[in-house]
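K.L.:
Model the structure of this input:
(one chain, ligands or ions: 1)
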Amino acid sequence: MQVEILDSFQAVGRRAADVMGHTIRAKSTAVLGLASGMTAVATYNALVDDYQAGRVDFRGVTTFNLDEYVSLSKTDPHSFAAYMHRNFFRWVNISPDRIHIPQGYCANWDRACADYDQKIDQAGGIDVQLLGIGRNGHVGFNEPNTPWDWGTHVTALADQTRRDNARDFEGNLDEVPSHAITMGIKTILHARQLVLLAVGAHKAEIIAKALTGPVTSKVPASIVQIHQNALVLLDPLAAAHLK
Ligand code: GLP
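P.N.:
Coordinates of the predicted model:
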């Protein structure tokens, strides 16, 4: 695990975009694992800048998003599909048929989850997986105590996660879905590189636990300690509790 403390939210996004750009320049058919959430916005802004400046070409790139709320359609502005379109996909030349986001609506969840993992395998696995971190240590929507041998699955959201994410639903907790579909820890650990981002003082306590505490399913983000190629990018506020 490599940890870098950068000056600001924008600097974290720039560094994450540089890592992804480097991967794409080395392999034009790179497979990117993508995250949603406020933290990742600076990464997408930097990647869009890189595309517009001709520094990166997404034509051959395939993407797999980590997660989606159950019961939200991709046209719902609160869905992660809408977030991805708004913040990233509409601004770059990724081919729509190479974009994968778990579906929030489904007739057969078991099949949809197995299909998602199979598609990742068929694409050759994920080269770089971007991760945010929830205040309870979740990655994707793998809440504390999720078994690490699970692939993509449907999960109930923790109360804290729903309260935190209510800000994306105009503060209306009742509107936050109770469940989500997420890549599992097994799926995430298979990625060839992990890039975990955290900014802000509200992430300082969980970052200290995830990076320096026990490696445990109680803190899903502690997987960065055991992955063979994990990069953690922090701003000074998120790094404040690290010794
Ligand atoms: C959300 C998402 C995660 C995200 C994390 C942090 O609930 N499921 O994929 O990375 O929590 O979000 P934020 O960056 O907004 O703090």
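K.L.:
okay, residue 52: pLDDT?
P.N.:
Listed pLDDT for residue 52 reads 98.
K.L.:
which non-adjacent residue is nearest it?
P.N.:
residue 91 (7.7 Å; Cβ to Cβ, 6 or more residues apart in numbering). C-beta: built from backbone N, CA, C; applies to glycine.
K.L.:
Give me the distance between that neighbour and residue 62.
P.N.:
As judged by Cβ to Cβ, to the nearest Å, residue 91 and residue 62 stand 18 Å apart.
K.L.:
residues contacting the residue nearest in space to the middle of the chain?
P.N.:
Nearest to the mean C-alpha position of the chain, by Cα atoms, centre = their mean, lies residue 35 at 2.4 Å. By Cβ atoms under 8 Å, 6 or more residues apart in numbering, the contact list for residue 35 reads 65, 66, 130, 131, 132, 140, 197.
K.L.:
Okay, and which of those map to helices?
P.N.:
The members of the contacts of residue 35 all map outside helices under DSSP state H.
K.L.:
The ligand next: which of these are close?
P.N.:
Applying Cβ under 6 Å from any ligand atom to the contacts of residue 35, one finds that 66, 132, 140 fall near the ligand.
K.L.:
Next up, phi/psi of the first one, please.
P.N.:
The one in question is residue 66. Torsion angles at residue 66 (phi, psi; degrees, to the nearest 10) stand at phi -70, psi -40.
K.L.:
Now that it has come up, it's in contact with residue 32, right?
P.N.:
No - in this structure, residue 66 is not within contact of residue 32 by Cβ atoms under 8 Å, at 11.1 Å.
K.L.:
can you map out the strands along this protein?
P.N.:
2-5, 31-34, 62-65, 67-69, 99-100, 128-131, 153-156, 179-182, 193-198, 230-234 (DSSP state E).
K.L.:
May I see the ones you listed organised as CSV, with mean neighbour count, mean pLDDT and distance to residue 108 added?
P.N.:
Conversion of these to CSV gives the following (neighbours: other Cβ atoms under 10 Å; pLDDT from 0 to 100; distance: least, Cβ to Cβ, whole Å):
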stretch, mean neighbour count, mean pLDDT, distance to residue 108
strand 2-5, 13, 98, 40
strand 31-34, 24, 98, 24
strand 62-65, 23, 98, 20
strand 67-69, 25, 97, 16
strand 99-100, 18, 98, 17
strand 128-131, 26, 98, 26
strand 153-156, 18, 97, 11
strand 179-182, 24, 98, 12
strand 193-198, 24, 98, 30
strand 230-234, 23, 98, 34
